[in-house]
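# what follows is a protein structure lacking sequence information:
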């Protein structure tokens, strides 16, 4: 059974930082690209960042480029999202997901999803 478990969310002031983790089990983690998506109330789920299987390629939404960094540790079966200079508009539930091939920016391509972790940025 595949499980993706996010952690690290919380409440932070604007300008602050958070580091999200996504612990994977039940899959050959190093074969999968990993992505982070977010969804605020009343909005569609949107792409945040993705990283290929080796960590050699990364992709970012324009809204987070330069502030967020995605990384992975294949030995620990874990993906990370370091979020700096947080803004109130970053408030959302953040989801990690795994995809075997496919387009990393398209949430429809992803095979497995976590349950999400809430990030709230106060102004």
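Sure thing, it's come through. If you're wondering where the values come from, they're calculated on a predicted model, not measured in any experiment. Numbering: from 1, shown residues only.
# going forward, measure contacts between C-alpha atoms and count neighbours the same way
Noted.
# tell me who's in contact with residue 77.
Applying Cα atoms under 8 Å, 6 or more residues apart in numbering, we find residue 77 in contact with 23, 24, 25, 29, 30.
# surely the first one touches residue 79?
Yes. With contact defined as Cα atoms under 8 Å, residue 23 reaches residue 79; the gap is 6.7 Å.
# in terms of neighbours, single out the busier of these two.
residue 79 (28 against 18; other Cα atoms under 10 Å).
# excluding chain neighbours, give the residue nearest to the more buried one in space.
By the measure of Cα to Cα, 6 or more residues apart in numbering, the closest residue to residue 79 outside its immediate chain neighbours is residue 72, 4.2 Å from it.
# what does residue 71 give?
Nearest in space to residue 71, with sequence neighbours left out and distances taken as Cα to Cα, 6+ apart, is residue 80 at 5.2 Å.
# re earlier: just the element for the residue nearest to residue 79, please.
In this structure, residue 72 is located in strand 68-73 according to DSSP states H and E.
# cool, residue 97 as well?
Using DSSP H and E, the element containing residue 97 is strand 92-99.
# low-confidence stretches in the chain?
For the chain, not a single residue meets the criterion pLDDT under 70.
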